[in-house]
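Enquirer: need coordinates for the below:
(2 chains)
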Protein chains: 2
Amino acid sequence: MRQAGRYLPEYRELRESTGSFLDLCYSPSLAAEVTLQPINRFGFDAAIIFSDILVIPDALGQTVSFQEGVGPILDSLKNVNDLESLNRENIIDRLSPVYKALQITRRELPKETALIGFAGAPWTIATYMIEGGTSRDFLKTKFWAFSVPEEFDKLINILVGAITEHLIAQVESGADTIQIFDSWAGILPENEFDRWCLKPIEQIVSGVKGKHPSIPIIVFPRLAGERYIRIAEIEGVSAVSLDQTVSLGWAKKSLQSKVTLQGNLDPVYLLAGGKVMREETARILGAFNSKPFVFNLGHGVLPSTPIQHVFDLCEFIAEWRG
Amino acid sequence: MRQAGRYLPEYRELRESTGSFLDLCYSPSLAAEVTLQPINRFGFDAAIIFSDILVIPDALGQTVSFQEGVGPILDSLKNVNDLESLNRENIIDRLSPVYKALQITRRELPKETALIGFAGAPWTIATYMIEGGTSRDFLKTKFWAFSVPEEFDKLINILVGAITEHLIAQVESGADTIQIFDSWAGILPENEFDRWCLKPIEQIVSGVKGKHPSIPIIVFPRLAGERYIRIAEIEGVSAVSLDQTVSLGWAKKSLQSKVTLQGNLDPVYLLAGGKVMREETARILGAFNSKPFVFNLGHGVLPSTPIQHVFDLCEFIAEWRG
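Expert: All right, here's what the predicted structure looks like:
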């Protein structure tokens, strides 16, 4: 989950003095600095590289920008002909600042702190490329995928290739583990989920593992409900990130024998702080205690979160661990 | 699910000659006419009364309007003090046009066609009352519910009372079955889901059943994933509506022994039509064939859906049934 961000004054300060959001992602020393900010403050066990899932469409040649308060804006793909304008060559060259940021971060991080590289999953990235940003109903993407699947498959294949390359390059630049974010996995019917979420993730995992058999891979199929099981059963997946809606008892019973679980405090508890935050944290820690488990939020830290709450949470977990 | 609507030219025509959307909901003969439009065209087995889940906040005295292309707009509740301005008395009087519409519709419907009354669930209605409309993150509502649950509980209790009265009045006006829509059930962590979705729905079901023990009750906890099980286990719930993301095999195994299932074709298949629509429909019909099952969409008909596709779907199902 995004650890760095607007809830940190040092991030807001650095952000004001840089250009666009993507400029920051592509400035290796600044991206490394932002990655290290929350580690320096809170001493988390792992750092996630400061980057964005939309560096992939950007590297493919789509125009990507971020507008404050609105989110990402892309010149949306209209149909299969637009795929020809995507530049699939030398993706890795264009994303080299991300790898430099990983190298710097790995050098500056404490040895015992894990560094997480990441990418968006093909389905999620495709929704942004087709909708031109975020969406309420994802109608254009779903219509394309359901009605001309053989054409949509061409886009997904391009993305599988680019994402696999991007993740391998991150491992080779110092990432100790990688995470695949399928933020919109939760909106698809079963068949389409299998075709556009499950299968492409399987291909990516297999591709990365082929090069780096021992790299742990975490998958986050956000809001996938009972279909988390399918993701946890993918060969080569080490862990799944649970969004905050997944029931603890169900996850323990249905998932924890297959993979390590990571999650799943609702960021709103961190925003609220105090007793409700501690109670919910204790419930999560208690539920998953018996097996390998990584405590985390179920989504990114909300911008208005008081920093003291993050300290309180870390302290509570440290005490609980004893 | 909404059967009537902008995909029907007769609806668009009638809509143009009426005032606001709520005016239409509160005009008994027009609401009945709109309810009957899709039945007259397609001969569905059941009709759902033309109304809206936001008649409840409207009857409670909140200002509710609908803006074309935007959705509902409410003067949002800010805190527990605002609850005092809600008028909990005589809800049923203010909603009497809905009951008149049900009476007219029941009279004009073929005897063998079931008439469905409905209401929103407390959690979903509360989100609209607090956010002032729809939302991307439901941050205000979640923050209120998580951080001062005893205050939020007051709002939920008001809603449980009003919704129970509203559903009972619908049964007494000719509804053969009722449906409870918890459209935003899918966004809550487990504990909060239990407190703000499960328990209030239990209370409503128990209240309605206390008055009308034999009335079938359908619950739609949209996007609730594996927590559909909890809803299906509520005493007195006869059926659950499955949103389009629920896997068929999982639902068959985990839910169909407990309740009748209703669902769950993604409306985008109906928009696409043709072979993909028929294939997906056959898959759903095949999966749930062995037990009581009601074919339906997983959500409302999309406005741009060609009418011919609805005819094709009805014909395909009729042939399948033989």
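
Enquirer: quickly check: the strand or helix carrying residue A:286 near chain B or not.
Expert: Assessed by DSSP states H and E, residue A:286 sits inside helix A:274-287. Yes - using Cβ under 8 Å from any Cβ of the partner chain, helix A:274-287 comes into contact with chain B via A:276, A:280, A:283. Where you see a C-beta, it was placed from the backbone N, CA and C, and this is true even at glycine.

Enquirer: how close does the residue in the stretch 51-200 of chain A positioned nearest to chain B sit to residue A:63?
Expert: Going by Cβ to the nearest Cβ, chain B is nearest to residue A:147 of the stretch 51-200 of chain A, at 4.0 Å. Computed as Cβ to Cβ, to the nearest Å, the residue A:147 to residue A:63 distance reads 26 Å.

Enquirer: who has more neighbours out of the two?
Expert: Ranked by neighbour count (other Cβ atoms under 10 Å in any protein chain shown), residue A:147 and residue A:63 place residue A:147 first, with 18 against 11.

Enquirer: got the contact list for residue A:102?
Expert: The neighbourhood of residue A:102, defined by Cβ atoms under 8 Å, 6 or more residues apart in numbering or on different chains, consists of A:49, A:115, A:117, A:170, A:173, A:174, A:175.

Enquirer: and with 10 Å instead?
Expert: Applying Cβ atoms under 10 Å, 6 or more residues apart in numbering or on different chains to residue A:102 gives the contacts A:28, A:31-32, A:35, A:49, A:51, A:115-117, A:169-175.

Enquirer: could you pull out the strands for the stretch 51-200 of chain A?
Expert: For the stretch 51-200 of chain A, strands defined by DSSP state E, counting those that start in this stretch occupy the ranges A:64-67, A:71-74, A:114-120, A:177-182.

Enquirer: hmm, I was thinking of the stretch 201-322 of chain A
Expert: A:217-221, A:239-241, A:260-265, A:293-297.

Enquirer: what is the first one packed up against?
Expert: Here strand A:217-221 touches strand A:114-120, helix A:122-131, strand A:177-182, helix A:199-211, helix A:228-232, strand A:239-241, strand A:260-265, strand A:293-297, going by 3 or more Cβ pairs under 10 Å, 6 or more residues apart in numbering or on different chains; DSSP states H and E.

Enquirer: so which of those gets nearest residue B:121?
Expert: strand A:260-265 (23.5 Å; Cβ to Cβ).

Enquirer: neighbouring strands for that closest one, and are they parallel or not?
Expert: strand A:239-241 (parallel), strand A:293-297 (parallel) (DSSP bridges).

Enquirer: tell me the most buried of the ones you listed?
Expert: strand A:239-241 (a mean of 25; mean count of other Cβ atoms under 10 Å in any protein chain shown).

Enquirer: in chain A, what residue is nearest chain B?
Expert: residue A:225 (2.1 Å).

Enquirer: in this structure that residue contacts residue A:251, no?
Expert: No - with contact defined as Cβ atoms under 10 Å, residue A:225 does not reach residue A:251; the gap is 11.1 Å.

Enquirer: need the residues touching each of these two.
Expert: Common contacts of residue A:225 and residue A:251 (Cβ under 10 Å, 6+ apart): residue B:226.

Enquirer: ok so, going back, spit out the contact partners of the residue of the stretch 51-200 of chain A closest to chain B.
Expert: By Cβ under 10 Å, 6+ apart, the neighbours of residue A:147 are B:268, B:269, B:271, B:272, B:273, B:274, B:275, B:276, B:277.

Enquirer: give me the number of residues near the closest residue to the fifth one other than its chain neighbours?
Expert: Of all residues beyond its chain neighbours, the one nearest residue B:273 is residue B:309 (3.8 Å), with distances taken as Cβ to Cβ, 6 or more residues apart in numbering or on different chains. Other residues within reach of residue B:309 by the criterion other Cβ under 10 Å amount to 18.

Enquirer: with residue A:113 instead?
Expert: Counted with other Cβ under 10 Å, residue A:113 comes out at 17.

Enquirer: before we move on, what about residue A:258?
Expert: 16.

Enquirer: just the C-alphas of stretch A:92-109, formatted as PDB.
Expert: Below are the C-alpha coordinates for stretch A:92-109, written out as PDB (Å, rounded to 0.1, in the frame of the first residue of the first chain):
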ATOM      1  CA  ILE A  92      12.600  -0.900 -19.700                       C
ATOM      2  CA  ASP A  93      14.800   2.000 -21.100                       C
ATOM      3  CA  ARG A  94      11.900   4.400 -20.600                       C
ATOM      4  CA  LEU A  95      11.300   3.200 -17.100                       C
ATOM      5  CA  SER A  96      15.000   3.200 -16.100                       C
ATOM      6  CA  PRO A  97      14.500   6.000 -13.500                       C
ATOM      7  CA  VAL A  98      12.200   3.600 -11.500                       C
ATOM      8  CA  TYR A  99      15.100   1.100 -11.400                       C
ATOM      9  CA  LYS A 100      17.600   3.700 -10.400                       C
ATOM     10  CA  ALA A 101      15.200   4.800  -7.600                       C
ATOM     11  CA  LEU A 102      15.100   1.200  -6.400                       C
ATOM     12  CA  GLN A 103      18.900   0.900  -6.400                       C
ATOM     13  CA  ILE A 104      19.300   4.100  -4.400                       C
ATOM     14  CA  THR A 105      16.600   3.100  -2.000                       C
ATOM     15  CA  ARG A 106      18.000  -0.400  -1.400                       C
ATOM     16  CA  ARG A 107      21.400   1.100  -0.700                       C
ATOM     17  CA  GLU A 108      20.000   3.600   1.800                       C
ATOM     18  CA  LEU A 109      17.500   1.300   3.500                       C
END
